[in-house]
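Trainee: could you work out the structure for the sequence below:
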Amino acid sequence: MILGGLLFASVFLTFFLHFGDFSDFNGRARSSGFRALGGMGLVAVGAMLRRMGARGLAGSGALLDPDKARKDLEPYSRMAGGMLHDAMDAFEKSGTPGEQVTGIKCRECGHVNHETDKLCSQCGKPL
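Mentor: Model prediction:
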């Protein structure tokens, strides 16, 4: 990515160095065009390789295997604190089918409390 960025930036540097000089204009324009496109291509390839290296083939979307993708992305899910999992656990079903109860899940014991509670009704810890 860095090499592609430098190659792309060199187009602007040569433009400013040769500003007003129209000798061999076609040759410099062609060279600048190839360097600009090559630089953008290298940046794109570098970003793809960086993503594959960080998340694995399945996690980056290059390999379509959901089980492998979950395994590859597990460190990212764990770092996020499992916020989505915690949010989904807060919506547990009550005894009546189709009715949902919203509440706050206690971090200590896992009990789902009423959303206005300040303390857990099961263990007494602050929510």
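
Trainee: from residue 111, how far out is the spatially closest residue to residue 126 that is not a sequence neighbour?
Mentor: Nearest residue to residue 126, sequence neighbours excluded (CB to CB, 6 or more residues apart in numbering): residue 119, at 5.9 Å. In this view, the C-beta of every residue, glycine as well, is placed from N, C-alpha and C. From residue 119 across to residue 111, the span is 11 Å (CB to CB, to the nearest Å).

Trainee: neighbour-wise, which of those two wins?
Mentor: Of the pair residue 119 and residue 111, residue 111 is the one with more neighbours under other CB atoms under 10 Å, namely 15 against 12.

Trainee: which residues are in contact with the more buried one?
Mentor: Taking CB atoms under 8 Å, 6 or more residues apart in numbering, we find residue 111 in contact with 105, 120, 121, 122, 123.
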